[in-house]
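Engineer: how does the following fold in three dimensions:
(chains A and B)
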There are 2 protein chains.
Amino acid sequence: MGSGSPSKFRIVLDAMGGDFSPVNEVLAAGEIFKNHTDIDLVLTGDKQAILKTMAEKGVSFPQEKIIHASQKIDMSDSPVASLKKKPDSSISVGCKYVAEGNAEAFVSAGNTGAVVTASTFILGRIEGVERPTMGTFFPSESSVSTIFDVGAFVDSKPQHLLGFARMSTIYVREIYNIASPSIGLLTVGEESEKGGKTIKETHTLLKDSGLNFFGNIEGRDILKGSVNIVLCDGFVGNIVLKFGESFPKYLKTLLKEYASRSFLNKLKVLIVRSVLRQALSPLDYQYYGGVLLLGVKSVSIIGHGSSTPLAITNMVLRAKDCIEKDVVKKISAAIAESPMKESE
Amino acid sequence: MGSGSPSKFRIVLDAMGGDFSPVNEVLAAGEIFKNHTDIDLVLTGDKQAILKTMAEKGVSFPQEKIIHASQKIDMSDSPVASLKKKPDSSISVGCKYVAEGNAEAFVSAGNTGAVVTASTFILGRIEGVERPTMGTFFPSESSVSTIFDVGAFVDSKPQHLLGFARMSTIYVREIYNIASPSIGLLTVGEESEKGGKTIKETHTLLKDSGLNFFGNIEGRDILKGSVNIVLCDGFVGNIVLKFGESFPKYLKTLLKEYASRSFLNKLKVLIVRSVLRQALSPLDYQYYGGVLLLGVKSVSIIGHGSSTPLAITNMVLRAKDCIEKDVVKKISAAIAESPMKESE
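Structural biologist: From the prediction side, this is the model:
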């Protein structure tokens, strides 16, 4: 769909995904129905529970846009097993709805592994992609900074990391309008020989890739924004992402302790909090609009289990942005032009 | 040496290690000579340069306690190659001085890889230890929190990680007086099957180890202080450590930007800075006293290249603490009691 198209952006939202489902999903759906009329939103999940929540919260949303799914995948469910055991889950029903061509994007704040697996198998991988990758915007001192992979897969091989680099390059180019995004390989030292075997081999592949490879970067370079794409295996990326997100809460605890020491401290901390609320807002995941899964045939956006209504609304808007900018088609075209080699 | 011993704590400080060497090392040596008379400090490095700096900075330090070393390993030097090429480096000379029984500890803010390699080969590994490990205190909301490994080695096998867990348990018990330190295995999810092959196998080893194994932890648990020991491979630990240390600087940049928006903002930020300086002080690596290398036959403390004189002084005091608490002997005894199996 081109940006000038008059038709609506068709997006499916998993109503049973997040920790506060379906409440936060229903609140987000109401907001989108009211204020984003260019989006044709569909909810999947327990229809009775959704209608009951709508009534309780006074939310308007068209009944016919709710597709009933009798099962729900929990956060603790094993991804692959639960998809087999629960074929009528809100995640599977939503992905099938998209795969059948009824919508362009699927959005969920549910079990990350299950959404990745369902997206990979039901939406399907783009021709030539061995491993999809999940990445997100990351705050930094300068420029646009993203991190790939943040946990779609662990134990990635050099060839997979090269694939992540290629897909994220297109994503950052299209979404953030950066002609040639720079890529930094996250490791323990700047020198090319630093890091394990996988890092050394990936370094060589990236150097010969034609991509804008900056070189190795270290943990201290992430927040500096030295590069547009911080490239790493999902194991490291997931730990870095969750560690970074926990920082504001840690700061809050430190300030609480400081405030408790005297009345003057308490007054100072009131000012500090108001300033930090604004200064730290770039760190607030609510505004990122979720994490995009790259390498599957439709747009798939995955959010935090603890997503607020605002976070879920922003995930849907991120999905719209990806549809509008034809990210999936552009990745497919780039991969077709220069296919990725299968590893091993 | 027991805690009641009248003899001095004999410690060697690499005067050519840090980015500002020998200035910061000489300033720290002067401070220790003046105010810590229970420490018998020796400096290794370029004697002329050290004496010149002493004169320039007005530092008193006994000349006979300076051992000349004609070579210096740079930060960019390859660890193994540089130790061979520069046999008379301040690192090698210092480690040999300790290995020959003239001192109990070696302290350096130099090339980490070179200090790890020199300590491993010149000081020697404790009988039964295949891989030494490097770890450090880490700030958290509650209790004592440390992280091992932070970069002594990458691509650690399950058996190595088990060894790190055992050595760090003794370290935390002795240094922080925690009878049975809890260990969390850092991965991408709490469930035992989360993470790659190495994590799954390590999880099983830890469960059967007799150690106080808490289970898997995630990136968000590090600052919560859910456990006393965050256990991970040196690749991940190094990235987490450097990422965490970069946070205060990032915050400073955010505040600067906020202050630039109005005069009122500028005033508010003055208050914020004074509060954060105190509240964030636990994050300041200067106070940790460097990173200890566990598993070698003497105390070896490794600091940041950018160490200030205060940081270097605290590294020497940390070395004293380790000598006083007989950490090396206690690790040797524990390993001898229940030897680690060699992996593969």
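Engineer: okay, CA-based contacts and neighbour counts for the rest of this
Structural biologist: Fine.
Engineer: all strands for chain A, in order.
Structural biologist: Here chain A has its strands, by DSSP state E, at A:9-14, A:39-45, A:66-68, A:105-108, A:133-137, A:146-148, A:183-186, A:213-217, A:229-231, A:291-294, A:299-302.
Engineer: for chain B, find the nearest of those strands.
Structural biologist: Across these, chain B has its closest neighbour in strand A:183-186 (8.0 Å, Cα to the nearest Cα).
Engineer: how far does the closest one sit from the chain's center?
Structural biologist: 19 Å (Cα atoms, centre = their mean, to the nearest Å).
Engineer: stretch A:149-158 too?
Structural biologist: Using Cα atoms, centre = their mean, the offset of stretch A:149-158 from its chain centre is 15 Å.
Engineer: for stretch A:10-17, same thing?
Structural biologist: Offset of stretch A:10-17 from its chain centre (Cα atoms, centre = their mean): 14 Å.
Engineer: ok, stretch A:325-334 next?
Structural biologist: Worked out by Cα atoms, centre = their mean, stretch A:325-334 lies 17 Å from the chain centre.
Engineer: with adjacent residues omitted, what lies nearest to A:Gly110?
Structural biologist: Excluding the flanking residues, the one nearest A:Gly110 by Cα to Cα, 6 or more residues apart in numbering or on different chains is A:Gly17, at 3.5 Å.
Engineer: right, and the one you found touches A:Val107 too?
Structural biologist: No. With contacts counted by Cα atoms under 8 Å, A:Gly17 stays clear of A:Val107, the gap being 9.2 Å.
Engineer: higher neighbour count, the two?
Structural biologist: A:Gly17 (32 against 29; other Cα atoms under 10 Å in any protein chain shown).
Engineer: show me the contacts for that one.
Structural biologist: By Cα atoms under 8 Å, 6 or more residues apart in numbering or on different chains, A:Gly17 lies in contact with A:72-74, A:90-91, A:108-111, A:305.
Engineer: again with A:Glu25
Structural biologist: Counting by Cα under 8 Å, 6+ apart, A:Glu25 has contacts A:13-16, A:18, A:309, A:312.
Engineer: helices along chain A, start to end?
Structural biologist: For chain A, applying DSSP state H gives helices covering A:23-35, A:47-57, A:79-85, A:90-99, A:112-118, A:158-176, A:197-207, A:234-245, A:247-259, A:263-279, A:309-324, A:327-337.
Engineer: let me have those helices in TSV, adding mean pLDDT as columns.
Structural biologist: Shown next, in TSV, are these (pLDDT from 0 to 100):
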stretch	mean pLDDT
helix A:23-35	97
helix A:47-57	98
helix A:79-85	90
helix A:90-99	98
helix A:112-118	94
helix A:158-176	94
helix A:197-207	95
helix A:234-245	93
helix A:247-259	87
helix A:263-279	86
helix A:309-324	95
helix A:327-337	90
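Engineer: give me whichever of these is most buried.
Structural biologist: helix A:90-99 (a mean of 26; mean count of other Cα atoms under 10 Å in any protein chain shown).
Engineer: mind picking the two most distant members of the contacts of A:Gly17?
Structural biologist: Of all pairs drawn from the contacts of A:Gly17, the greatest distance, 14.8 Å, lies between A:Ser90 and A:Gly305 (Cα to Cα).
Engineer: mind listing what the residue in the stretch 1-150 of chain A that chain B sits nearest to touches?
Structural biologist: Per Cα to the nearest Cα, A:Glu141 is where the stretch 1-150 of chain A lies closest to chain B, at 6.4 Å. Applying Cα under 8 Å, 6+ apart to A:Glu141 gives the contacts A:223-225, B:250, B:253-254.
Engineer: name the nearest of these relative to B:Glu130.
Structural biologist: Checking those against B:Glu130 by Cα to Cα gives A:Leu223 as the nearest, at 35.2 Å.
Engineer: tally of neighbours for the closest one?
Structural biologist: 22.
Engineer: next, find the distance separating the nearest residue to it once chain neighbours are set aside from B:Tyr250.
Structural biologist: Leaving aside its sequence neighbours, A:Leu223 sits nearest to A:Ser140 (Cα to Cα, 6+ apart; 4.3 Å). For A:Ser140, the distance to B:Tyr250 equals 7 Å [Cα to Cα, to the nearest Å].
Engineer: list residues touching both of these two?
Structural biologist: A:223-224.
Engineer: now do the contacts for the closest residue to A:Lys330 other than its chain neighbours.
Structural biologist: Of all residues not flanking A:Lys330 in the chain, A:Ile170 sits nearest, at 7.2 Å (Cα to Cα, 6+ apart). By Cα under 8 Å, 6+ apart, A:Ile170 lies in contact with A:327, A:330-331.
Engineer: what pairs with A:Ser300 across the strands?
Structural biologist: Beta-bridge pairing of A:Ser300 under DSSP bridges involves A:Phe106.
Engineer: okay, now it: neighbour count?
Structural biologist: With neighbours defined by other Cα under 10 Å, the count for A:Ser300 comes to 31.
Engineer: hmm, A:Ala179 is touching A:Arg173, no?
Structural biologist: Yes. Contact criterion Cα under 8 Å: A:Ala179 and A:Arg173 qualify, at 5.5 Å.
Engineer: if I pick A:Leu27, what's in contact with it?
Structural biologist: Going by Cα under 8 Å, 6+ apart, A:Leu27 touches A:54, A:57, A:59, A:309.
Engineer: check A:Ala152 too.
Structural biologist: Residues in contact with A:Ala152 (Cα under 8 Å, 6+ apart) are A:113, A:116, A:132-134, A:234, A:293.
Engineer: what would the helices of chain A look like in JSON lines with distance to B:Glu64?
Structural biologist: Compiled in JSON lines, the helices of chain A are given as follows (distance: least, Cα to Cα, whole Å):
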{"stretch": "helix A:23-35", "distance to B:Glu64": "72"}
{"stretch": "helix A:47-57", "distance to B:Glu64": "80"}
{"stretch": "helix A:79-85", "distance to B:Glu64": "67"}
{"stretch": "helix A:90-99", "distance to B:Glu64": "74"}
{"stretch": "helix A:112-118", "distance to B:Glu64": "64"}
{"stretch": "helix A:158-176", "distance to B:Glu64": "53"}
{"stretch": "helix A:197-207", "distance to B:Glu64": "46"}
{"stretch": "helix A:234-245", "distance to B:Glu64": "48"}
{"stretch": "helix A:247-259", "distance to B:Glu64": "46"}
{"stretch": "helix A:263-279", "distance to B:Glu64": "50"}
{"stretch": "helix A:309-324", "distance to B:Glu64": "66"}
{"stretch": "helix A:327-337", "distance to B:Glu64": "68"}
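Engineer: looking at the sheet around the spatially most central residue of chain A, what are its partners?
Structural biologist: Most central in chain A under Cα atoms, centre = their mean is A:Val291, positioned 0.4 Å from the mean C-alpha point. The partner list for A:Val291 in beta bridges (DSSP bridges) reads A:Ile302.
Engineer: measure A:Lys52 to A:Val23 for me?
Structural biologist: 10 Å.
Engineer: which positions in the stretch 101-250 of chain A make contact with chain B?
Structural biologist: A:140-141, A:151, A:154-155, A:186-188, A:191, A:195-196, A:218-224, A:235-236, A:238-247, A:250 (Cα under 8 Å from any Cα of the partner chain).
Engineer: surely A:Ile147 meets A:Pro139?
Structural biologist: No. Here A:Ile147 does not reach A:Pro139: they are 9.9 Å apart, not a contact under Cα under 8 Å.
Engineer: those two: who's more crowded?
Structural biologist: Each of A:Ile147 and A:Pro139 has its neighbours counted (other Cα under 10 Å); A:Ile147 has more, 28 against 24.
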